[in-house]
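S.K.: Coordinates only, no sequence provided:
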């Protein structure tokens, strides 16, 4: 008997209400600090494209670090294993923006989901597409294709605000460049990184955009092949081991799904072979992951038994 | 149609032959350095207790860090969440025996699968069982029960050899004690740790011993409940994110199963809801994991499609 | 009986010849890499302004980190103890351009003689003089006064070359800015820093310029007070404990004088109450200090007994 | 006109009174925690053996880290430059008992005045004298000779208390042993270290004991040569750059003399070619150096102008 996903989401919606005021909205830039707490949305997309949602599932929010999944996908498609000369695949065991490990490991970031790693990924894309603007265009084109939304756009106010407070990310980029692990101009590369972090999407769009990663790289609705199954496996494994800053182990246990969070309050997850899920609630726990979003996903795997463990 | 596991193992056995001379046997203690390269064994145990093996699957080897799975299981059963006051659940992003992070994080090891964490787990067991000898007896009793072998024993030569070269582990223990995170006498606690690392088992025994972790904490053959399903999920998640020293991310991608390796050349893995697997080949890759063992597991998930991703 | 300094310098000149080919000229930027090995000059300036020299003592070279003494002097005169809110006074125990300690200590550099500290000093000067160009002008004016040379100038080729390869220093600046320890625009501040490092001087000029620091802040020839005796003492103490990157302890023993070296091959030293000394030889030892320059100073204190210990 | 040292000490005694209640007595072991605040003594010993004192200058206190000067002297006399294969000569830029740098630098401590370095020095002495007890006897014999007190002894209660809380020092020793930089049994070597730290002396005895270091290694009274002038210079340079934990730079500026402090509240200093000084006041500043002792030495060099800078 198939599960009644709408009923499950409705239950979660009720049960999550008391949690929506807990945690703290990201406040390191003004453009994010003004988002109101208490908001929540969740969407599940199945193999056949069927969509189940609760909350304000068409409300756009800043995807932030979730964009790292999509840039990594593009770069892995272009470079394959060559990519690992410039970025590792192991958990970092450190704050997401620490310079210590980066210096100790000679400018090679531990993985594509910490800031330094994502900036390197952006650098490899600019090298390939030869230009920051073209790179952003290709990325938007790709994300429009996988999400089925031809109008995805970048919140320029957020991107500019990031740049204004972007010293640590610029420090990471400069440090990597000093080790010879940087190919393009620093300021515009980091600005490109901030731009793709500032893409806004709804849970419906994000959930749809992740579907191909739940199905071995092939969109099960359109049958389009976006990436090989081996690469899709790599991306899922990376999300499980490195997807949640320094709370990835905790998340793997509580939720038990490959997933990636962003400080905008979004989290996307895959149930390999089954579905993709997106959740959004802007208040963050102490690790920088959506407080209610994490709990909602835990409720979901508890109710459905869909953990990979 | 059920898979022909014997055929798959036979294929792996043939394909793995050219790899058996690659890598390097652990040589940090004489007792391990004398093991001959080129050996290989692999065993799969299914839900109904059916066993498929290739190679010398009754040959005993030193389980080393694989024992950390079993001591963690015991300690988690005793202490539940209280345990996490003394040891974390996140990947370390460092060498398995580094002191840097331990000092920075005030004597709380990152997880139970790095040496410092496993020593803390041993310390909590000694506190509970009130005595190092009794602790070892209880552990052996537990492992005899889950493996179905009433004769499991400790290779005392290996344990003593470890102690002779045990300065770094003693340093870890002393450092944790200096932070107040140690409850028992240092030398005998570390000796207890070395003793459980020196238990010898065959792939048949190890595979059987892991079966309950593949089935939510319940041995599917005897129906005995060894640990709650939530705790079994925790242990599997921990194996996936932290099971292979500083190559856990690589392993998660290539093999895609919760697993734990030891420098004796053994690796155990679970396919949740399906089976447990043990493999052994003593030569190690540069990360300290069995070279051929890792490859054999990758062949297995490739041939069977049984990766969790 | 007064010492015959010319004779001592002549002896050193003879004895140092076999050492002039040892070591390696700084090659991290092309503009420095082309300097020829084998060059040597040394000048002693006494209380009455008497000057003794050997070698090509009017040949200009890039003073590099020696400029940190002069910028620190200016900033200490302006800010007094307030300065220590932004930079410490302790040896670093690390490479001169490491980011690790800087991150651990929240963007406050250990002392004004490591790169991060000297960049902060430059930042404080720009804040005070309100403009990078004006800051450079004031600094040049000050150095012309203390050196008695109205024509000191900056080697713009060296400064531009530094900027081209300046990623690590830019990373240090960005990291400090991310901690709130930066007041001016990053690029122009670091460029100002590179400019004052690129001032060129001869040993005669440098020796003369340091004389006030050997005499409690007062130029003994002109009787001009450049800085209080307490501040002069601070600068001398800092040179002794932090003047030679990660070989300051070694230098304190072998030479036994407050001194500061630069990668251009220059070293300046004071004999408090007695004289100032400058030496130049471009090939560096493994710590980045002039190989022959260090030895020449050791010969000098051995021959004269003028060590402070 | 010779200075009236008694008058100067009397002035210091008066001026220091308001400071004697500031700071905090070392409380990491019970045996030290019970010492009463508010005590003060200071002694100056001149070239001719003349002694000037204020306060309770015959009251014994635990010399603690000051003993590192004497063990380093003995070891340097035995091993000369060979010693630097096992311990460095540079400031550490870290807490006196940190393990981070020690691990990063492969078990070679930065200098003989941090705990790890002093333990290595003790280890080299035990290797030379072939036995911990004999080593302690030789050390006491040496210290009785240089201090002129045939009855110096060890406070065994303090030594045992140190051992009871000695985990961090044992961790340092084990870590160095794991890198191959340890030659004797760990527990008894560290116990020997704690024993020499627990020697008790008065300021009169300590001041007398340091006199040879103020005069190039030769006791100016008895004319006995204890160490070569080059080695005496090395020890003085080391005291200046590394003598005060992570406040050595601050001390070099404020006091301007080679000196070594201990957590028992003692500080010894040399004025090369002039005199030796000992001061004691048990309450410590935040860096672990005697609060009033540091101030009293600063008053002394201000009043006498005897700073080396």
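M.R.: Perfect, thanks for sending it. None of the values given here were measured: they were computed from a predicted structure.

S.K.: Show me which residues of chain A are close to chain C?
M.R.: A:98-100, A:103-104, A:167-168, A:170-175, A:177-178, A:182, A:186 (C-beta under 8 Å from any C-beta of the partner chain). (C-beta placed from N, C-alpha, C; glycine too.)

S.K.: can you rerun that using 6 Å?
M.R.: Taking C-beta under 6 Å from any C-beta of the partner chain, the part of chain A that reaches chain C is made up of A:99, A:100, A:103, A:167, A:168, A:170, A:171, A:174, A:175, A:177, A:178.

S.K.: and the nearest residue to the second one once chain neighbours are set aside, how many neighbours does it have?
M.R.: This points to residue A:100. Nearest residue to residue A:100, sequence neighbours excluded (C-beta to C-beta, 6 or more residues apart in numbering or on different chains): residue C:100, at 5.2 Å. By the criterion of other C-beta atoms under 10 Å in any protein chain shown, residue C:100 has 18 neighbours.

S.K.: OK, contacts around the residue in chain A positioned nearest to chain B?
M.R.: Nearest residue of chain A to chain B, counting by C-beta to the nearest C-beta: residue A:93, 2.7 Å away. Listed by C-beta atoms under 6 Å, 6 or more residues apart in numbering or on different chains, the contact partners of residue A:93 are B:91, B:92, B:93, B:94.

S.K.: okay, which residue is most central for chain A?
M.R.: By C-alpha atoms, centre = their mean, the mean C-alpha position of chain A lies nearest to residue A:66, the distance being 1.4 Å.

S.K.: Isn't it up against residue A:261?
M.R.: No: using C-beta atoms under 6 Å, residue A:66 is not in contact with residue A:261; the gap is 7.1 Å.

S.K.: which residues do these two both contact?
M.R.: Joint contacts of residue A:66 and residue A:261 (C-beta under 6 Å, 6+ apart) do not exist.

S.K.: hmm, back to that, so which of the residues of chain A next to chain C is the closest to chain D?
M.R.: Taking the residues of chain A next to chain C together and measuring to chain D by C-beta to the nearest C-beta, the closest member is residue A:100, at 10.4 Å.

S.K.: how about the helices of the stretch 101-250 of chain A, start to end?
M.R.: If DSSP state H, counting those that start in this stretch is used as the criterion, the helices of the stretch 101-250 of chain A fall at A:115-129, A:132-147, A:156-164, A:167-178, A:186-197, A:203-214, A:229-242, A:248-254.

S.K.: would CSV of these with mean pLDDT, mean neighbour count and distance to residue B:297 be doable?
M.R.: CSV is the format used below for the helices of the stretch 101-250 of chain A (pLDDT from 0 to 100; neighbours: other C-beta atoms under 10 Å in any protein chain shown; distance: least, C-beta to C-beta, whole Å):
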stretch, mean pLDDT, mean neighbour count, distance to residue B:297
helix A:115-129, 98, 24, 26
helix A:132-147, 97, 18, 31
helix A:156-164, 96, 18, 42
helix A:167-178, 96, 25, 34
helix A:186-197, 98, 22, 36
helix A:203-214, 98, 27, 23
helix A:229-242, 95, 24, 14
helix A:248-254, 94, 26, 19
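
S.K.: Just send those back as JSON lines, with distance to residue D:198 too.
M.R.: As requested, the helices of the stretch 101-250 of chain A are exported to JSON lines (distance: least, C-beta to C-beta, whole Å):
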{"stretch": "helix A:115-129", "distance to residue D:198": "49"}
{"stretch": "helix A:132-147", "distance to residue D:198": "66"}
{"stretch": "helix A:156-164", "distance to residue D:198": "57"}
{"stretch": "helix A:167-178", "distance to residue D:198": "46"}
{"stretch": "helix A:186-197", "distance to residue D:198": "56"}
{"stretch": "helix A:203-214", "distance to residue D:198": "65"}
{"stretch": "helix A:229-242", "distance to residue D:198": "50"}
{"stretch": "helix A:248-254", "distance to residue D:198": "45"}
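
S.K.: got a pLDDT number for the nearest residue to residue A:250 once chain neighbours are set aside?
M.R.: Nearest residue to residue A:250 in three dimensions, chain neighbours excluded: residue B:89, at 5.7 Å (C-beta to C-beta, 6+ apart). pLDDT for residue B:89: 94.

S.K.: And the one 4 residues further on, by the same measure?
M.R.: Per-residue confidence for residue B:93 comes out at a pLDDT of 77.

S.K.: likewise residue A:1?
M.R.: Residue A:1 carries a pLDDT score of 60 in this model.

S.K.: Looking at chain A, which residue is nearest chain D?
M.R.: Closest point on chain A to chain D, by C-beta to the nearest C-beta, is residue A:104, at 8.5 Å.

S.K.: how many other residues sit next to residue A:48?
M.R.: 8.

S.K.: likewise residue A:40?
M.R.: 27.

S.K.: go on, residue A:17?
M.R.: 12.

S.K.: From residue A:296, how far off is it?
M.R.: Applying C-beta to C-beta, to the nearest Å, the value for residue A:17 to residue A:296 is 11 Å.

S.K.: Checking my notes, residue A:65 in a helix, right?
M.R.: Yes: counting by DSSP: H, G, I helix; E, B strand; the rest coil, one finds residue A:65 located in a helix.

S.K.: Which residue is the nearest non-sequential neighbour of it?
M.R.: That would be residue A:262: by C-beta to C-beta, 6+ apart, it lies 4.1 Å from residue A:65.

S.K.: and if you look at residue A:77?
M.R.: residue A:227 (5.4 Å).

S.K.: Now that neighbour. Its backbone dihedrals?
M.R.: phi -160, psi 150 (degrees, to the nearest 10).

S.K.: That one against residue A:75, yeah?
M.R.: No: using C-beta under 6 Å, residue A:227 makes no contact with residue A:75, being 10.9 Å away.

S.K.: between the two, who's got more neighbours?
M.R.: For residue A:227 versus residue A:75, neighbours defined as other C-beta under 10 Å are more numerous around residue A:75 (24 against 19).

S.K.: Relative to residue B:252, how far out is that one?
M.R.: For residue A:75, the distance to residue B:252 - C-beta to C-beta - is 19 Å.

S.K.: And for residue A:86?
M.R.: Relative to residue B:252, and taking C-beta to C-beta, residue A:86 is found at 20 Å.

S.K.: Same check on residue A:258?
M.R.: Taken as C-beta to C-beta, the span from residue A:258 to residue B:252 is 10 Å.

S.K.: got it, and residue A:236?
M.R.: The value you get for residue A:236 to residue B:252, if C-beta to C-beta is used, is 9 Å.

S.K.: give the contact list for the closest residue to residue A:210 other than its chain neighbours.
M.R.: The shortest distance from residue A:210 to any non-neighbouring residue, by C-beta to C-beta, 6+ apart, is to residue A:276 (3.8 Å). For residue A:276, the contact set (C-beta under 6 Å, 6+ apart) comprises A:45, A:207, A:210, A:211, A:214, A:270.

S.K.: Just put those in CSV and tack on distance to residue C:200.
M.R.: Shown next, in CSV, are the contacts of residue A:276 (distance: C-beta to C-beta, whole Å):
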residue, distance to residue C:200
A:45, 67
A:207, 64
A:210, 60
A:211, 64
A:214, 64
A:270, 62
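
S.K.: mind listing what's buried in the helix or strand hosting residue A:9?
M.R.: For residue A:9, the host element (DSSP states H and E) is helix A:5-16. Within helix A:5-16, the residues scored as buried using 16 or more other C-beta atoms under 10 Å in any protein chain shown are A:5, A:8, A:9, A:12, A:13, A:16.
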